[in-house]
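S.K.: the sequence and its predicted three-dimensional model are supplied below.
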Amino acid sequence: MIRIKSKEECCGCESCIQTCPKMCISLVADKEGFLYPRIDESVCVDCRLCEKVCPMINDYVSSSPIVTFASKNKNEKVRMSSSSGGIFSLFAEKIIEEGGVVFGAVFDEYWQVVLDCTDRKENIDNFRRSKYVQAKTGDSYRKVQFYLKQGRKVLFSGTPCQIIGLKLYLQKEYPNLITVDVACHGVPSPKVWEKYLLYIGKREQCKNRTSYTKICPTIQKINFRGKEISWEQFTITINFVSSEGNSERQEFSHSIVHRDDLYMKLFLKDVILRPSCYHCSMRMRKSMSDIMIADFWAIDDVLPDFNDHKGVSLVVVKSEKGKNFFSAISTDSVFTEYDVAIKNNGGFQEKVVPHPNREFFFNHLDKMDDLSKLVEKTLNPRPAFVQRIKISAFYRVKKLLNGLGIK
(Lines give C-alpha, C1' and ligand atoms only; values in the text may rest on other atoms or scores of the structure.)
Protein backbone atom coordinates (compact mmCIF):
# COMPACT_ATOMS: atom_id res chain seq x y z
CA MET A 1 0.00 0.00 0.00
CA ILE A 2 0.98 3.62 -0.44
CA ARG A 3 2.87 4.90 2.60
CA ILE A 4 3.83 8.56 2.48
CA LYS A 5 6.70 9.29 4.83
CA SER A 6 7.13 12.93 3.80
CA LYS A 7 4.98 15.45 1.97
CA GLU A 8 7.51 15.62 -0.89
CA GLU A 9 6.60 12.03 -1.86
CA CYS A 10 3.06 12.83 -3.09
CA CYS A 11 2.17 15.04 -6.06
CA GLY A 12 -1.60 14.77 -5.48
CA CYS A 13 -2.51 13.19 -8.84
CA GLU A 14 -5.11 10.91 -7.15
CA SER A 15 -4.24 7.97 -9.40
CA CYS A 16 -4.02 5.67 -6.36
CA ILE A 17 -7.56 6.54 -5.28
CA GLN A 18 -9.05 5.88 -8.70
CA THR A 19 -7.34 2.51 -9.09
CA CYS A 20 -8.15 1.08 -5.65
CA PRO A 21 -10.58 -1.88 -6.07
CA LYS A 22 -11.73 -1.63 -2.45
CA MET A 23 -12.19 2.17 -2.52
CA CYS A 24 -10.41 2.33 0.82
CA ILE A 25 -8.31 5.40 0.01
CA SER A 26 -9.64 8.85 0.86
CA LEU A 27 -8.22 12.36 0.58
CA VAL A 28 -7.30 14.40 3.65
CA ALA A 29 -6.14 18.02 3.60
CA ASP A 30 -3.15 19.05 5.68
CA LYS A 31 -2.73 22.46 7.35
CA GLU A 32 -1.44 23.91 4.08
CA GLY A 33 -4.58 22.85 2.22
CA PHE A 34 -3.00 20.15 0.07
CA LEU A 35 -4.72 16.77 -0.24
CA TYR A 36 -2.99 13.51 0.63
CA PRO A 37 -4.25 9.89 0.45
CA ARG A 38 -5.26 8.10 3.65
CA ILE A 39 -5.76 4.34 3.59
CA ASP A 40 -8.32 2.49 5.67
CA GLU A 41 -6.12 -0.47 6.55
CA SER A 42 -9.08 -2.43 7.91
CA VAL A 43 -10.44 -2.64 4.35
CA CYS A 44 -7.18 -2.72 2.35
CA VAL A 45 -6.24 -6.17 0.95
CA ASP A 46 -2.69 -5.06 0.11
CA CYS A 47 -3.13 -5.67 -3.62
CA ARG A 48 -0.52 -2.93 -4.19
CA LEU A 49 -2.29 -1.58 -7.26
CA CYS A 50 -2.00 1.90 -5.75
CA GLU A 51 1.78 1.57 -5.82
CA LYS A 52 1.80 0.55 -9.50
CA VAL A 53 0.13 3.78 -10.60
CA CYS A 54 2.07 6.26 -8.45
CA PRO A 55 4.22 8.69 -10.53
CA MET A 56 6.48 9.32 -7.54
CA ILE A 57 7.73 5.73 -7.14
CA ASN A 58 7.57 4.29 -10.66
CA ASP A 59 9.94 4.59 -13.58
CA TYR A 60 8.55 5.85 -16.86
CA VAL A 61 9.87 6.67 -20.31
CA SER A 62 9.97 10.43 -20.80
CA SER A 63 9.36 11.97 -24.20
CA SER A 64 11.82 14.33 -25.90
CA PRO A 65 11.06 17.25 -28.25
CA ILE A 66 10.68 16.34 -31.91
CA VAL A 67 9.87 19.80 -33.20
CA THR A 68 9.03 23.17 -31.62
CA PHE A 69 6.85 26.03 -32.87
CA ALA A 70 5.78 29.55 -32.01
CA SER A 71 2.02 29.42 -32.64
CA LYS A 72 -1.09 31.59 -32.70
CA ASN A 73 -4.77 30.88 -33.13
CA LYS A 74 -5.93 32.65 -36.31
CA ASN A 75 -9.18 33.56 -34.55
CA GLU A 76 -8.17 36.75 -32.73
CA LYS A 77 -11.25 36.75 -30.48
CA VAL A 78 -10.36 33.29 -29.17
CA ARG A 79 -6.71 34.24 -28.78
CA MET A 80 -7.59 37.34 -26.76
CA SER A 81 -9.74 35.23 -24.41
CA SER A 82 -6.91 32.70 -23.95
CA SER A 83 -3.79 32.86 -21.79
CA SER A 84 -1.27 32.93 -24.61
CA GLY A 85 -1.74 31.99 -28.28
CA GLY A 86 -5.09 30.16 -28.00
CA ILE A 87 -3.71 26.84 -29.26
CA PHE A 88 -5.50 24.67 -26.68
CA SER A 89 -8.83 25.81 -28.12
CA LEU A 90 -7.82 24.55 -31.56
CA PHE A 91 -6.88 21.18 -30.07
CA ALA A 92 -10.22 20.97 -28.26
CA GLU A 93 -12.23 21.96 -31.32
CA LYS A 94 -10.48 19.33 -33.45
CA ILE A 95 -11.19 16.50 -30.99
CA ILE A 96 -14.84 17.50 -30.54
CA GLU A 97 -15.35 17.77 -34.31
CA GLU A 98 -14.20 14.15 -34.55
CA GLY A 99 -16.71 13.01 -31.92
CA GLY A 100 -14.23 13.04 -29.07
CA VAL A 101 -14.08 14.29 -25.47
CA VAL A 102 -11.86 17.01 -24.01
CA PHE A 103 -10.51 16.96 -20.43
CA GLY A 104 -8.99 19.98 -18.71
CA ALA A 105 -9.08 22.34 -15.73
CA VAL A 106 -12.21 24.35 -14.90
CA PHE A 107 -13.57 26.25 -11.91
CA ASP A 108 -16.23 24.44 -9.88
CA GLU A 109 -19.18 26.09 -8.12
CA TYR A 110 -16.90 27.16 -5.23
CA TRP A 111 -14.26 28.60 -7.59
CA GLN A 112 -11.82 25.84 -6.81
CA VAL A 113 -10.13 24.10 -9.74
CA VAL A 114 -11.09 20.59 -10.84
CA LEU A 115 -10.53 18.42 -13.90
CA ASP A 116 -13.68 18.08 -15.98
CA CYS A 117 -14.64 17.05 -19.50
CA THR A 118 -16.86 18.16 -22.37
CA ASP A 119 -17.81 17.11 -25.88
CA ARG A 120 -19.49 20.41 -26.80
CA LYS A 121 -17.72 23.35 -28.45
CA GLU A 122 -19.77 25.93 -26.56
CA ASN A 123 -18.17 24.71 -23.31
CA ILE A 124 -14.56 25.12 -24.44
CA ASP A 125 -14.33 28.64 -22.98
CA ASN A 126 -14.56 27.16 -19.46
CA PHE A 127 -11.35 25.23 -20.15
CA ARG A 128 -9.40 28.18 -21.53
CA ARG A 129 -6.95 30.31 -19.56
CA SER A 130 -4.44 29.34 -16.89
CA LYS A 131 -5.72 28.58 -13.41
CA TYR A 132 -2.98 28.87 -10.82
CA VAL A 133 -4.39 26.47 -8.23
CA GLN A 134 -3.87 22.72 -7.83
CA ALA A 135 -6.73 20.96 -9.59
CA LYS A 136 -8.56 18.02 -8.08
CA THR A 137 -8.38 15.08 -10.47
CA GLY A 138 -11.54 13.44 -9.13
CA ASP A 139 -12.58 10.43 -11.22
CA SER A 140 -11.27 11.87 -14.50
CA TYR A 141 -8.87 8.94 -15.14
CA ARG A 142 -11.76 6.50 -14.94
CA LYS A 143 -13.77 8.62 -17.34
CA VAL A 144 -10.87 8.84 -19.78
CA GLN A 145 -10.55 5.05 -19.80
CA PHE A 146 -14.31 4.67 -20.28
CA TYR A 147 -14.35 6.91 -23.37
CA LEU A 148 -11.21 5.35 -24.81
CA LYS A 149 -12.69 1.87 -24.54
CA GLN A 150 -15.75 3.17 -26.36
CA GLY A 151 -13.45 4.06 -29.23
CA ARG A 152 -13.88 7.81 -28.84
CA LYS A 153 -10.95 10.19 -29.20
CA VAL A 154 -9.84 11.85 -25.98
CA LEU A 155 -7.76 14.99 -25.43
CA PHE A 156 -6.41 15.11 -21.89
CA SER A 157 -4.77 18.36 -20.76
CA GLY A 158 -3.10 18.74 -17.38
CA THR A 159 0.14 19.13 -15.45
CA PRO A 160 3.05 16.75 -16.14
CA CYS A 161 2.34 14.70 -12.99
CA GLN A 162 -1.34 14.39 -13.94
CA ILE A 163 -0.33 13.13 -17.39
CA ILE A 164 2.02 10.52 -15.91
CA GLY A 165 -0.60 9.53 -13.33
CA LEU A 166 -3.08 8.96 -16.15
CA LYS A 167 -0.63 6.91 -18.25
CA LEU A 168 0.26 4.70 -15.28
CA TYR A 169 -3.43 4.29 -14.45
CA LEU A 170 -4.27 3.20 -18.01
CA GLN A 171 -1.36 0.70 -18.07
CA LYS A 172 -1.38 0.68 -21.90
CA GLU A 173 -1.14 3.00 -24.88
CA TYR A 174 -4.31 4.06 -26.66
CA PRO A 175 -4.04 5.36 -30.25
CA ASN A 176 -7.14 7.52 -29.68
CA LEU A 177 -5.62 9.41 -26.72
CA ILE A 178 -3.80 12.74 -27.12
CA THR A 179 -2.12 14.11 -24.00
CA VAL A 180 -1.15 17.77 -23.64
CA ASP A 181 0.70 19.07 -20.61
CA VAL A 182 1.39 22.65 -19.62
CA ALA A 183 4.81 24.00 -18.69
CA CYS A 184 4.20 23.84 -14.94
CA HIS A 185 5.93 26.16 -12.48
CA GLY A 186 4.24 24.34 -9.59
CA VAL A 187 0.74 24.08 -8.12
CA PRO A 188 -0.42 26.49 -5.36
CA SER A 189 -2.52 25.63 -2.32
CA PRO A 190 -6.34 25.54 -2.72
CA LYS A 191 -6.61 26.70 0.90
CA VAL A 192 -4.58 29.83 0.25
CA TRP A 193 -6.67 30.48 -2.87
CA GLU A 194 -9.90 30.21 -0.84
CA LYS A 195 -8.63 32.58 1.85
CA TYR A 196 -7.44 35.01 -0.81
CA LEU A 197 -10.86 35.08 -2.50
CA LEU A 198 -12.60 35.76 0.82
CA TYR A 199 -10.14 38.51 1.69
CA ILE A 200 -10.35 40.22 -1.69
CA GLY A 201 -14.15 39.93 -1.77
CA LYS A 202 -14.58 41.63 1.60
CA ARG A 203 -11.95 44.26 0.86
CA GLU A 204 -13.43 45.26 -2.48
CA GLN A 205 -16.93 45.20 -1.03
CA CYS A 206 -15.93 47.64 1.71
CA LYS A 207 -14.42 49.95 -0.91
CA ASN A 208 -17.75 50.04 -2.71
CA ARG A 209 -20.09 50.48 0.29
CA THR A 210 -20.67 53.28 2.76
CA SER A 211 -21.19 50.79 5.61
CA TYR A 212 -19.61 47.44 6.45
CA THR A 213 -21.53 44.23 5.85
CA LYS A 214 -20.69 40.69 6.89
CA ILE A 215 -22.30 39.25 3.77
CA CYS A 216 -19.56 38.03 1.44
CA PRO A 217 -20.07 39.04 -2.21
CA THR A 218 -20.68 36.42 -4.88
CA ILE A 219 -18.03 35.81 -7.50
CA GLN A 220 -19.22 36.06 -11.08
CA LYS A 221 -16.03 35.51 -13.05
CA ILE A 222 -12.30 34.99 -12.55
CA ASN A 223 -9.57 35.55 -15.11
CA PHE A 224 -5.93 35.00 -14.14
CA ARG A 225 -4.70 36.16 -17.52
CA GLY A 226 -6.48 39.30 -18.69
CA LYS A 227 -4.89 41.02 -21.71
CA GLU A 228 -6.42 44.46 -21.28
CA ILE A 229 -2.92 46.00 -21.11
CA SER A 230 -1.02 43.36 -23.05
CA TRP A 231 -0.22 39.65 -23.03
CA GLU A 232 3.04 40.31 -21.19
CA GLN A 233 1.52 42.64 -18.59
CA PHE A 234 -1.44 40.41 -17.84
CA THR A 235 -3.93 41.19 -15.11
CA ILE A 236 -5.82 39.04 -12.61
CA THR A 237 -9.47 40.08 -12.53
CA ILE A 238 -12.26 38.92 -10.21
CA ASN A 239 -15.79 40.17 -10.81
CA PHE A 240 -18.16 40.30 -7.82
CA VAL A 241 -21.84 41.01 -7.25
CA SER A 242 -23.32 41.85 -3.87
CA SER A 243 -26.74 42.60 -2.43
CA GLU A 244 -28.13 42.68 1.12
CA GLY A 245 -31.78 42.20 1.83
CA ASN A 246 -33.78 44.38 -0.52
CA SER A 247 -30.83 46.61 -1.33
CA GLU A 248 -29.82 47.26 -4.90
CA ARG A 249 -27.53 44.76 -6.60
CA GLN A 250 -23.95 46.04 -6.68
CA GLU A 251 -21.28 44.91 -9.11
CA PHE A 252 -17.58 45.58 -8.57
CA SER A 253 -14.27 43.98 -9.43
CA HIS A 254 -10.69 43.43 -8.37
CA SER A 255 -8.36 43.95 -11.33
CA ILE A 256 -4.61 44.38 -11.00
CA VAL A 257 -1.41 43.63 -12.90
CA HIS A 258 -0.29 40.17 -11.81
CA ARG A 259 3.02 41.22 -10.25
CA ASP A 260 1.16 43.55 -7.83
CA ASP A 261 -1.49 41.04 -6.74
CA LEU A 262 -1.15 39.36 -3.32
CA TYR A 263 -1.86 35.83 -4.50
CA MET A 264 0.32 36.07 -7.60
CA LYS A 265 3.19 37.44 -5.51
CA LEU A 266 3.01 34.33 -3.31
CA PHE A 267 2.84 32.07 -6.36
CA LEU A 268 5.67 33.69 -8.30
CA LYS A 269 7.89 33.88 -5.20
CA ASP A 270 7.43 30.12 -4.63
CA VAL A 271 5.80 30.49 -1.21
CA ILE A 272 2.60 28.46 -1.68
CA LEU A 273 3.54 25.55 -3.96
CA ARG A 274 2.91 21.91 -3.06
CA PRO A 275 5.98 20.42 -1.30
CA SER A 276 6.49 17.87 -4.10
CA CYS A 277 6.81 20.70 -6.64
CA TYR A 278 10.15 21.68 -5.11
CA HIS A 279 11.43 18.16 -5.80
CA CYS A 280 9.65 17.47 -9.09
CA SER A 281 11.26 15.00 -11.50
CA MET A 282 8.54 15.49 -14.11
CA ARG A 283 9.24 19.08 -15.13
CA MET A 284 10.32 20.28 -18.53
CA ARG A 285 10.20 17.52 -21.16
CA LYS A 286 10.25 14.67 -18.67
CA SER A 287 6.55 13.81 -18.78
CA MET A 288 4.92 11.28 -21.10
CA SER A 289 2.81 13.80 -23.03
CA ASP A 290 2.38 14.00 -26.79
CA ILE A 291 2.53 17.80 -26.81
CA MET A 292 3.57 20.46 -24.32
CA ILE A 293 2.21 24.01 -24.51
CA ALA A 294 3.50 27.12 -22.78
CA ASP A 295 3.77 30.89 -23.08
CA PHE A 296 6.52 31.84 -25.52
CA TRP A 297 8.08 34.42 -23.19
CA ALA A 298 11.34 34.45 -25.18
CA ILE A 299 9.57 35.55 -28.35
CA ASP A 300 11.16 39.03 -28.49
CA ASP A 301 14.63 37.48 -28.40
CA VAL A 302 13.85 34.71 -30.88
CA LEU A 303 11.11 35.93 -33.25
CA PRO A 304 10.41 39.60 -32.42
CA ASP A 305 8.43 40.22 -35.62
CA PHE A 306 6.00 37.44 -34.63
CA ASN A 307 5.01 39.16 -31.38
CA ASP A 308 1.96 41.44 -31.59
CA HIS A 309 1.58 41.47 -27.77
CA LYS A 310 -1.70 39.55 -27.92
CA GLY A 311 -0.22 36.17 -27.01
CA VAL A 312 2.06 33.55 -28.53
CA SER A 313 2.09 29.86 -27.60
CA LEU A 314 5.17 27.71 -27.46
CA VAL A 315 4.22 24.27 -28.81
CA VAL A 316 6.64 21.42 -28.13
CA VAL A 317 5.71 18.29 -30.11
CA LYS A 318 7.05 15.17 -28.36
CA SER A 319 5.60 12.14 -30.17
CA GLU A 320 4.74 11.05 -33.70
CA LYS A 321 1.10 10.90 -32.65
CA GLY A 322 1.35 14.48 -31.40
CA LYS A 323 3.12 15.54 -34.58
CA ASN A 324 0.37 14.11 -36.78
CA PHE A 325 -2.31 15.71 -34.60
CA PHE A 326 -0.71 19.16 -34.65
CA SER A 327 -0.05 19.08 -38.39
CA ALA A 328 -3.77 18.51 -39.01
CA ILE A 329 -4.67 21.80 -37.29
CA SER A 330 -4.63 25.17 -39.03
CA THR A 331 -2.47 27.60 -37.05
CA ASP A 332 -0.25 30.60 -37.61
CA SER A 333 3.04 28.88 -36.69
CA VAL A 334 6.78 29.40 -37.14
CA PHE A 335 9.46 26.79 -36.46
CA THR A 336 11.90 27.56 -33.63
CA GLU A 337 14.71 25.86 -31.73
CA TYR A 338 13.67 24.24 -28.44
CA ASP A 339 16.72 25.22 -26.34
CA VAL A 340 16.36 28.87 -27.31
CA ALA A 341 12.57 29.02 -27.06
CA ILE A 342 12.35 27.82 -23.43
CA LYS A 343 14.34 30.74 -22.02
CA ASN A 344 12.51 33.06 -19.61
CA ASN A 345 9.81 30.45 -18.88
CA GLY A 346 9.69 29.29 -15.25
CA GLY A 347 7.95 26.07 -16.24
CA PHE A 348 11.16 24.91 -17.88
CA GLN A 349 13.41 25.45 -14.87
CA GLU A 350 15.16 22.35 -13.64
CA LYS A 351 14.31 23.17 -10.04
CA VAL A 352 12.05 25.44 -8.01
CA VAL A 353 13.44 26.54 -4.64
CA PRO A 354 11.00 27.16 -1.77
CA HIS A 355 10.89 30.70 -0.43
CA PRO A 356 12.89 30.96 2.83
CA ASN A 357 9.77 32.18 4.68
CA ARG A 358 7.41 29.53 3.33
CA GLU A 359 7.08 27.84 6.73
CA PHE A 360 6.44 31.19 8.42
CA PHE A 361 3.62 31.94 5.98
CA PHE A 362 1.77 28.67 6.54
CA ASN A 363 2.31 28.77 10.30
CA HIS A 364 0.52 32.13 10.40
CA LEU A 365 -2.08 31.58 7.67
CA ASP A 366 -4.84 30.63 10.14
CA LYS A 367 -3.77 33.18 12.76
CA MET A 368 -3.81 36.40 10.74
CA ASP A 369 -7.02 37.79 9.23
CA ASP A 370 -5.25 40.46 7.20
CA LEU A 371 -3.74 38.59 4.26
CA SER A 372 -1.93 41.67 2.96
CA LYS A 373 -0.02 42.04 6.24
CA LEU A 374 0.92 38.35 6.21
CA VAL A 375 2.18 38.62 2.63
CA GLU A 376 4.18 41.71 3.54
CA LYS A 377 5.75 40.02 6.57
CA THR A 378 6.52 36.93 4.50
CA LEU A 379 8.08 38.64 1.50
CA ASN A 380 9.58 41.67 3.26
CA PRO A 381 10.38 40.54 6.81
CA ARG A 382 11.89 42.94 9.32
CA PRO A 383 15.37 42.00 10.57
CA ALA A 384 15.47 39.88 13.71
CA PHE A 385 15.45 41.77 17.04
CA VAL A 386 19.19 41.42 17.71
CA GLN A 387 19.97 42.44 14.14
CA ARG A 388 17.74 45.52 14.45
CA ILE A 389 19.58 46.54 17.64
CA LYS A 390 22.93 46.21 15.87
CA ILE A 391 21.72 48.25 12.89
CA SER A 392 20.28 50.93 15.14
CA ALA A 393 23.51 51.11 17.18
CA PHE A 394 25.60 51.35 14.02
CA TYR A 395 23.70 54.36 12.70
CA ARG A 396 23.71 56.08 16.12
CA VAL A 397 27.48 55.73 16.37
CA LYS A 398 27.86 56.90 12.76
CA LYS A 399 25.71 59.97 13.48
CA LEU A 400 27.73 60.75 16.62
CA LEU A 401 31.04 60.48 14.76
CA ASN A 402 29.73 62.69 11.96
CA GLY A 403 28.76 65.25 14.57
CA LEU A 404 32.31 65.22 15.88
CA GLY A 405 33.66 65.66 12.39
CA ILE A 406 35.06 62.16 12.24
CA LYS A 407 34.47 60.35 8.95
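M.R.: Perfect, thanks for sending it.
S.K.: tell me the secondary structure at the residue positioned nearest the centre of the chain.
M.R.: When the chain is reduced to its mean C-alpha position, the closest residue under C-alpha atoms, centre = their mean turns out to be Tyr132, at 3.4 Å. Each residue gets one of three states, and Tyr132 gets coil by DSSP: H, G, I helix; E, B strand; the rest coil.
S.K.: for Lys310, list the residues it contacts.
M.R.: For Lys310, the residues meeting the contact criterion (C-beta atoms under 8 Å, 6 or more residues apart in numbering) are Lys72, Glu76, Arg79, Met80, Lys227, Ser230, Trp231. Where C-beta positions appear, they are placed from N, C-alpha and C, glycine not excepted.
S.K.: next, count neighbours for the first one.
M.R.: Look at Lys72: counted by other C-beta atoms under 10 Å, it has 26 neighbours.
S.K.: now it: how far from Arg259?
M.R.: Relative to Arg259, Lys72 is positioned 24 Å away (C-beta to C-beta, to the nearest Å).
S.K.: got it, and the fifth one?
M.R.: The spacing between Lys227 and Arg259, counted by C-beta to C-beta, is 15 Å.
S.K.: who's more crowded, those two?
M.R.: Legend: neighbour count by other C-beta under 10 Å for Lys227 and Arg259, higher for Lys227 (20 against 10).
S.K.: state the distance from the more buried one to Lys153.
M.R.: Distance, Lys227 to Lys153, by C-beta to C-beta: 31 Å.
S.K.: so what touches stretch 131-146?
M.R.: The set of residues external to stretch 131-146 that reach it, using C-beta under 8 Å, 6+ apart, is 12-15, 18-19, 34-35, 101, 103, 105-107, 112-117, 154, 156, 158-159, 162, 165-166, 169-170, 177, 187-190, 193, 224, 263-264, 267, 274.
S.K.: name the residues of it that are buried.
M.R.: Buried residues in stretch 131-146, defined by neighbour count with 16 or more other C-beta atoms under 10 Å: Lys131, Tyr132, Val133, Gln134, Ala135, Lys136, Thr137, Ser140, Tyr141, Lys143, Val144, Gln145.
S.K.: between those, which sits nearest Lys321?
M.R.: Val144 (15.6 Å; C-beta to C-beta).
S.K.: in three-state terms, label the closest one for me.
M.R.: When classified by three-state DSSP, Val144 comes out as helix.
S.K.: swap in Phe335?
M.R.: Judged by three-state DSSP, the three-state class of Phe335 is strand.
S.K.: my guess is it meets Phe69, correct?
M.R.: Yes: using C-beta atoms under 8 Å, Phe335 and Phe69 qualify as a contacting pair, with a distance of 6.0 Å.
S.K.: these two: which is more packed in?
M.R.: Between Phe335 and Phe69, Phe69 has the larger neighbour count (other C-beta under 10 Å), namely 22 against 9.
S.K.: on contacts alone, who are the packing partners of the host helix or strand of that one?
M.R.: Secondary structure here is read from DSSP states H and E; on that basis Phe69 sits in strand 67-72. With contacts defined as 3 or more C-beta pairs under 8 Å, 6 or more residues apart in numbering; DSSP states H and E, strand 67-72 has these neighbours: strand 313-317, strand 332-336, helix 338-341.
S.K.: of these, which is nearest Trp297?
M.R.: Proximity to Trp297 (C-beta to C-beta) singles out strand 313-317 among the helices and strands packed on strand 67-72, at 8.2 Å.
S.K.: how distant is the closest one from the center of its chain?
M.R.: Mean C-alpha position of strand 313-317 versus that of the full chain (C-alpha atoms, centre = their mean, to the nearest Å) differs by 18 Å.
S.K.: mind checking what helix or strand follows it in sequence?
M.R.: Moving toward the C-terminus from strand 313-317, the first helix or strand encountered (DSSP H and E) is helix 320-327.
S.K.: list the contacts of that following helix.
M.R.: The set of residues external to helix 320-327 that reach it, using C-beta under 8 Å, 6+ apart, is Ile66, Val67, Phe69, Phe91, Lys94, Pro175, Ile178, Ser289, Asp290, Ile291, Val315, Val317.
S.K.: make a markdown table from the contacts of Lys310 and add pLDDT to it.
M.R.: As requested, the contacts of Lys310 are arranged in a markdown table below (pLDDT from 0 to 100):
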| residue | pLDDT |
| --- | --- |
| Lys72 | 97 |
| Glu76 | 95 |
| Arg79 | 97 |
| Met80 | 96 |
| Lys227 | 95 |
| Ser230 | 95 |
| Trp231 | 95 |
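S.K.: those residues in helices, which ones?
M.R.: In helices, judged by DSSP state H, the following of these are found: Glu76, Arg79, Met80.
S.K.: and these, which is closest to Leu303?
M.R.: Arg79 (16.3 Å).
S.K.: thinking again about what came up before, neighbour-wise, give me the winner out of the contacts of helix 320-327.
M.R.: Of all the contacts of helix 320-327, Ser289 has the most neighbours under the rule other C-beta under 10 Å, reaching 31 neighbours.
S.K.: how about that residue, secondary structure?
M.R.: Quick answer, by three-state DSSP: Ser289 is coil.
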